[in-house]
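Novice: Just a sequence and a predicted model for now, questions to come.
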Amino acid sequence: MTVPSEDAETASGRAATAGQPRIGALVRARRRQMHMTLQALSDAAGVSVGYLSQIERDLAMPSLGTLAQIAQGLNAELNHFILAPAIDTGLSRASERMVFSVGGSPVSYERIGADFAGNQLSSFVITIPAGHRSEVFSHEGEELVYVLAGEILFGLDDDETTLTPGDGLHFRGIQPHYWWNKTDRPVRLIWTGTLPLFRSRTSLPNETGMPQAVPKPATTTKTKPHRK
C-alpha cells in the first residue's frame, strides 16, 4: 500500500495555519486552469498519477525537486507554488541566507546557487530532520550530494549506502534514488544538480547562445511515494 510521507499532514497543517495556500490546492488549481488530467500531468512531469493525487489532496508533501518537475509539467515557474529568495550575486554569506521550505515541510533549504543568464546548476544547503524519509526520485540531469553533518541512508537503484560527514555521491538523476535520516539528529548536506529549479523556462541557452525552453523531465521512471 502506498503511504504518504510521515510528516505530510503536519506540514500541510502548518502551512495553512501560517496563512499560506496549500501546495495541493495550488497544483490542482493550476492543472485545472491548464485543462489537464492527472494522467496528462503525470506524463508531462514524470510524477506518478497516484503521487500527484496524494499531493493535490495534501496527503503527501513533495520535495523541492519533485515540485519543480510538477511546475515544469504545468508550464509554471516554481515561485508560483512557493516563496523562495532570489540570489543575484555568486557570493552567499551564511549569516545572510534565507531559510525556506515547501509548504511548511520540516525539510529546509538555503539557496547557494546564483541567478544569472545561462547558469546550469542549482545548489542548496539542505537540512533533513530526524526520521524523515523522502519519496523516490527520478528525473533529468545529474546530482552531487556532499554531507556536512549527520548521517543519512541514501538509496540509489537497488543499493543503499550510509553517508557521513565528508562523504559525497555523484549520480545521474534518472537513477531511482531516495534518502532517509534514520537517526535522531538532523542532517545537513549540500545538494547540487542540473535539474532546473528556479531558472526561467526560457532562460537556458542552446548551442547558439539563444534562449530555449527547459526540456521536460525524463519519464522512464516516475517519481512516486516510498513504499514500506
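Specialist: Thanks, I have it.

Novice: any idea where the strands of the protein begin and end?
Specialist: 99-101, 108-111, 122-128, 142-149, 152-156, 159-163, 168-172, 177-180, 187-193, 204-205, 211-212 (DSSP state E).

Novice: so what's residue 165 up against?
Specialist: 147-150 (C-beta atoms under 8 Å, 6 or more residues apart in numbering). From N, CA and C alone the C-beta is placed, and that goes for glycine too.

Novice: Next: residue 185.
Specialist: Residue 185 neighbours (C-beta under 8 Å, 6+ apart): 130, 150-151.

Novice: Just among the residues you listed, which is most surrounded?
Specialist: Compared across those, residue 150 has the highest neighbour count, 18 neighbours, by other C-beta atoms under 10 Å.

Novice: correct me, but that residue touches residue 186?
Specialist: Yes - using C-beta atoms under 8 Å, residue 150 is in contact with residue 186, at 6.0 Å.

Novice: Quickly list what's touching both of the two.
Specialist: Common neighbours of residue 150 and residue 186 (C-beta under 8 Å, 6+ apart) are residue 128.

Novice: returning to what we had before: in JSON lines, list the strands of the chain along with distance to residue 45.
Specialist: Below are those laid out as JSON lines (distance: least, C-beta to C-beta, whole Å):
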{"stretch": "strand 99-101", "distance to residue 45": "21"}
{"stretch": "strand 108-111", "distance to residue 45": "20"}
{"stretch": "strand 122-128", "distance to residue 45": "17"}
{"stretch": "strand 142-149", "distance to residue 45": "18"}
{"stretch": "strand 152-156", "distance to residue 45": "21"}
{"stretch": "strand 159-163", "distance to residue 45": "26"}
{"stretch": "strand 168-172", "distance to residue 45": "19"}
{"stretch": "strand 177-180", "distance to residue 45": "17"}
{"stretch": "strand 187-193", "distance to residue 45": "17"}
{"stretch": "strand 204-205", "distance to residue 45": "18"}
{"stretch": "strand 211-212", "distance to residue 45": "19"}
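
Novice: nearest to residue 53, of those?
Specialist: Between residue 53 and those, the shortest gap by C-beta to C-beta is with strand 177-180, which sits at 19.7 Å.

Novice: Quick one: residues in contact with the closest one.
Specialist: 128, 132-138, 143, 152-157, 171, 226.

Novice: can you rerun that using 7 Å?
Specialist: Here strand 177-180 makes contact (C-beta atoms under 7 Å, 6 or more residues apart in numbering) with 128, 133-137, 152-156, 171, 226.

Novice: hang on, the earlier thing: ok, the contacts of residue 185 vs residue 92, which is closest?
Specialist: For these, with residue 92 as the reference and C-beta to C-beta as the criterion, the closest is residue 150, at 21.1 Å.
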